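[1] coords below, sequence missing:
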Ligand code: C5P
């Protein structure tokens, strides 16, 4: 899979997400399904969107003991998603178990990426609540390295960190970056944002774009603009 735009389908019902996807008559965008929609509608929503021909990033951020994660990943793999994720904080052993569980008998598997530190976690909260004394950027890079050493395909990170992640983990290690906004668009609650064109320049492999597309007056046009800027 090459560089692509992933639409964050942050809806909480099947009706809403289907109404949104119905607008796309010509292209079949890669979509992200998060916990909200998955917990509301269950695995059937994944099957249904897959049947419609979309690639799916199932964003459930698993974090548990290796045995549980291995078995849960085997279930997600049978759902035939294209990408899923875990928390790198679950340790290398957990990430290795996730990879094992995902791998099908024929050797194929969905892409597996890891969340390093959530962008909602500040350096202060990391020190105070998690007792991690290192600076946050060093911690993020350390987690990215662990992810690579465990054999996973990439990490979710800010587009502004994508260049550094590639420096540390290599050009083939994927960076999946949210926090994307059009130059003339609303920033909303995102703090560190970049445009699709800039994300391409920095070297993101996938951008995850939610509201700039889902809340646009013309979502299809917004999606096409993202693709034109990012994929080119
Ligand atoms: O609407 P917006 O473009 O801000 O959506 C971004 C998507 O990426 C949301 O689904 C959000 O939960 C997700 N995300 C994020 N920042 C992270 C990790 C995930 O915005 N660090």
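    Cool, the structure landed. Being a predicted model, the structure only gives us computed values, none of them experimental. Numbers count the residues shown, from 1 in each chain.
[2] Now do the contacts for the residue in the chain positioned nearest to the ligand.
    Per C-beta to the nearest ligand atom, residue 210 is where the chain lies closest to the ligand, at 2.5 Å. Where C-beta positions appear, they are placed from N, C-alpha and C, glycine not excepted. By C-beta atoms under 8 Å, 6 or more residues apart in numbering, the residues touching residue 210 are 7, 8, 10, 178.
[3] per-residue confidence for the first one?
    pLDDT for residue 7: 98.
[4] helix or strand for it, which one?
    Applying DSSP states H and E as the criterion places residue 7 in strand 4-8.
[5] Please enumerate the strands of the protein.
    Using DSSP state E, the strands assigned to the chain run over residues 4-8, 30-34, 56-62, 83-87, 111-115, 154-156, 174-177, 206-209.
[6] Next, format these as a markdown table and append mean neighbour count.
    Shown next, in a markdown table, are the strands of the chain (neighbours: other C-beta atoms under 10 Å):
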| stretch | mean neighbour count |
| --- | --- |
| strand 4-8 | 22 |
| strand 30-34 | 22 |
| strand 56-62 | 22 |
| strand 83-87 | 23 |
| strand 111-115 | 24 |
| strand 154-156 | 25 |
| strand 174-177 | 25 |
| strand 206-209 | 25 |
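[7] In a markdown table, list those strands along with distance to residue 221.
    Output for these, formatted as a markdown table (distance: least, C-beta to C-beta, whole Å):
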| stretch | distance to residue 221 |
| --- | --- |
| strand 4-8 | 13 |
| strand 30-34 | 17 |
| strand 56-62 | 23 |
| strand 83-87 | 25 |
| strand 111-115 | 28 |
| strand 154-156 | 27 |
| strand 174-177 | 22 |
| strand 206-209 | 13 |
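[8] What parts of the chain come near the ligand?
    Within the chain, the positions near the ligand by C-beta under 6 Å from any ligand atom are 8, 10, 34, 118-119, 156, 178-179, 190, 208-212.
[9] from the residues you listed, which is closest to residue 27?
    Nearest to residue 27, judged by C-beta to C-beta, of the residues of the chain next to the ligand is residue 209 at 14.2 Å.
[10] pLDDT score assigned to the closest residue in space to residue 223 that isn't next to it in sequence?
    Computed as C-beta to C-beta, 6 or more residues apart in numbering, the closest residue to residue 223 that is not its neighbour in sequence is residue 213, at 5.2 Å. The confidence metric pLDDT takes the value 98 at residue 213.
[11] Go ahead and confirm residue 37 touches residue 45.
    Yes: the pair residue 37 / residue 45 is scored as a contact, 6.1 Å apart, by C-beta atoms under 8 Å.
[12] Of these two, which one has the most company?
    residue 37 (24 against 20; other C-beta atoms under 10 Å).
[13] show me the contacts for that one.
    Contact analysis of residue 37 by C-beta under 8 Å, 6+ apart lists 9, 10, 11, 12, 13, 17, 45.
[14] Please narrow those residues to those residing in helices.
    Among those, the members found in helices (DSSP state H) are 17, 45.
[15] Between all of the contacts of residue 37, which two are at the greatest distance?
    Between any two of these, the greatest separation by C-beta to C-beta is 13.2 Å, found for 10 and 45.
[16] Thanks a lot, catch you later.
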